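Chemist: Give me the fold of what follows.
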Amino acid sequence: MFILMVVIFVLGYLAIALEHPIKIDKAASALLIGTLTWVAYIMGAADIFNSGVSSAWNSYLAANPDANTKECIIDFIVHNQIIEHLGEISEILFFLLGAMTIVEIVDQHQGFSIITDKIKTTNKVKLLWILSFLTFFMSAVLDNLTTTIVMIALLRKLIADKETRWFYASMVVLAANAGGAWSPIGDVTTIMLWIGGQVTAAKIILMVFIPSLVTLVIPALFLSFTMKGEVTRPKLSNADSKEFTNAFERKLILAMGVGALLFVPIFKTITHLPPYMGMLLGLGVIWVTTELMHKKKTGEDKGRLTVVGILRKVDVPTVLFFLGILSAVASLQSAGQLGLVAKWLDEVTNNNIYIINTAIGILSSIVDNVPLVAGAMGMYDIQAVGHFATDGIFWELLAFTAGTGGSILIIGSAAGVAAMGLEKIDFIWYMKRISLLALMGYFAGIGAYWLQATLLHSH
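Modeler: The predicted structure follows:
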């Protein structure tokens, strides 16, 4: 069953990658592997636990020596592991749902037109740099997932041609992941390291900013020489060109939407509650505001602008895709397959932190970076001095590689998955046209970090 879990995961992963050729929605494949891996896990639990590879079970058994019975094993998986992982997954899902709804509310109130009207250029190269830098700095403040959702809503207003929009959406993913890596609140993995005490806010910004910038600039420079011509703006349909809201409403909802997203890290710092609570609080406030704002409106206008109407437009399959893929990864974490990969990495690289982190980054383009970073945090303790101390080279480089390595494949990061779901970007298309660019930027960024660390430590 231990091997079967890996086989199910790999086959499901292939189905997700080949979504367009096989014509099966990736959310369906993700839900299948998300449930079947757990079925295989619970069916073969006794053998898996006896082999000693599941660190979660080993810790539980040490605390409960009498638990090695069939009933206790089932109880451990159903009432301990699934509940624990579902809690973590739900935090991401509700955060995502809240962010997507807020962005959709702003979009329906035509709030983004305030920004898109400012971007006058149709020159492909200029637009590439404007959007890349806008995404890079936005994702450091909001987070890479929310920023990607916002930027794709903007792209739809700026670019008509589907494939051209895919190119820009892919660069948004690269820029969002690069921008999220150097900020303590920009990426789930950096947040984990910051909360865990592995890095401090000031030092992570100082040490990872330049490598992250390099990761973005290299692909953008390369594309500057290959992209030619102008983009065509989409022709607005009557529904889009008709103004459902006045200038005051547009500005208010845009300000409230961005304010709600920016408020999330502040809310977390003040209350210590998980970020999704702050997101749902923001959504609740905006919801009440729009209800009061539109209570006198009737008919089509009201239906389009109320949150109940807007919720019908939110992309639920993307949320279900996250649920499936994160559940599958959680089962592999519980049963111990991820732990074995981590140990193997240590042995093969002879504990070289640059090779380990580079490998973790590349691996995070295949497997979700959250359990990889969680695994690394579990594998290595914070030490008083050296590479594994707080703000040590290992942790800073881990934040960078896990954050930016996910760009190599479209399903390697939350931002990529969101872009794939919202724009229906083809996995193979991304691999052919973007993966090599992302790899170039990734290795250039690691080189920049190494150079920076060497120069700083030589003084």
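Chemist: Mind pulling up the pLDDT for Ile286?
Modeler: The score at Ile286 is 94. That number is its pLDDT.
Chemist: Quick check, it in contact with Ile102.
Modeler: Yes - with contact defined as Cβ atoms under 8 Å, Ile286 reaches Ile102; the gap is 6.3 Å. Where C-beta positions appear, they are placed from N, C-alpha and C, glycine not excepted.
Chemist: can you list the weak-confidence ranges in the stretch 101-250 of the chain?
Modeler: 236-244 (pLDDT under 70).
Chemist: can you give me how far stretch 319-334 is from the chain middle?
Modeler: 14 Å (Cα atoms, centre = their mean, to the nearest Å).
Chemist: any shared contact partners between Ile286 and Ile102?
Modeler: 257, 260 (Cβ atoms under 8 Å, 6 or more residues apart in numbering).
Chemist: If you count surrounding residues, which of these two has more?
Modeler: Ile102 (26 against 23; other Cβ atoms under 10 Å).
Chemist: you'd agree that one is in a helix?
Modeler: Yes - under DSSP: H, G, I helix; E, B strand; the rest coil, Ile102 sits within a helix.
Chemist: Buried residues in stretch 81-93, which are they?
Modeler: Within stretch 81-93, the residues scored as buried using 16 or more other Cβ atoms under 10 Å are 81-82, 85, 89, 91-93.
Chemist: Rebuild those residues as CSV, extending it with pLDDT, distance to Ile119 and secondary structure.
Modeler: Formatted as CSV, the buried residues of stretch 81-93 follow (pLDDT from 0 to 100; distance: Cβ to Cβ, whole Å; DSSP: H, G, I helix; E, B strand; the rest coil):
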residue, pLDDT, distance to Ile119, secondary structure
Gln81, 90, 48, helix
Ile82, 92, 46, helix
His85, 87, 41, helix
Ile89, 82, 36, helix
Glu91, 82, 34, helix
Ile92, 77, 31, helix
Leu93, 83, 32, helix
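Chemist: Which of these sits closest to Leu273?
Modeler: Glu91 (10.3 Å; Cβ to Cβ).
Chemist: Would you confirm that Ile24 belongs to a helix?
Modeler: No - Ile24: not assigned to a helix; according to three-state DSSP it is coil.
Chemist: can you pull the contacts of it?
Modeler: By Cβ under 8 Å, 6+ apart, the contact set of Ile24 is Ala15.
Chemist: Tell me where the stretch 251-400 of the chain has helices.
Modeler: 275-293, 299-305, 307-311, 316-335, 337-349, 353-363, 369-379, 393-404 (DSSP state H, counting those that start in this stretch).
Chemist: Centre of the chain to stretch 410-429, how far?
Modeler: 10 Å.
Chemist: tell me the mean pLDDT over it?
Modeler: Stretch 410-429 comes out at a mean pLDDT of 85.
Chemist: start to end distance for it?
Modeler: By Cα to Cα, to the nearest Å, the extent of stretch 410-429 from end to end equals 10 Å.
Chemist: Give me the buried stretch members for it, please.
Modeler: 410-423, 425-427.
Chemist: before we move on, what about stretch 385-395?
Modeler: Here stretch 385-395 shows 388, 392-395 as buried, counting by 16+ other Cβ under 10 Å.
Chemist: Now render these as CSV, adding distance to Thr349 and pLDDT.
Modeler: Output for the buried residues of stretch 385-395, formatted as CSV (distance: Cβ to Cβ, whole Å; pLDDT from 0 to 100):
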residue, distance to Thr349, pLDDT
Phe388, 15, 79
Gly392, 17, 83
Ile393, 15, 88
Phe394, 12, 89
Trp395, 17, 89
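Chemist: closest to Leu97 among those residues?
Modeler: Using Cβ to Cβ, the buried residues of stretch 385-395 come closest to Leu97 at Trp395, 30.6 Å.
Chemist: Next up, the contacts around the nearest residue to the closest one once chain neighbours are set aside.
Modeler: Distances taken as Cβ to Cβ, 6 or more residues apart in numbering place Gln198 nearest to Trp395, at 4.1 Å, with adjacent residues excluded. Contacts for Gln198 were tallied using Cβ under 8 Å, 6+ apart; they are 377, 382, 390, 392, 395, 398.
Chemist: give me that answer again for 10 Å
Modeler: By Cβ atoms under 10 Å, 6 or more residues apart in numbering, the residues touching Gln198 are 190, 192, 204, 373, 376-377, 380, 382, 388-392, 394-396, 398-399.
Chemist: and the host helix or strand of Phe76, what does it pack onto?
Modeler: Assigned by DSSP states H and E, Phe76 belongs to helix 70-76. Counting contacts by 3 or more Cβ pairs under 10 Å, 6 or more residues apart in numbering; DSSP states H and E, helix 70-76 packs against helix 26-43, helix 45-50, helix 55-63.
Chemist: From Ala359, how far off is the residue of the chain positioned farthest from its centre?
Modeler: Distance to the chain centre peaks in the chain at Asp66, reaching 40.1 Å (criterion: Cα atoms, centre = their mean). Using Cβ to Cβ, to the nearest Å, Asp66 is found at 40 Å from Ala359.
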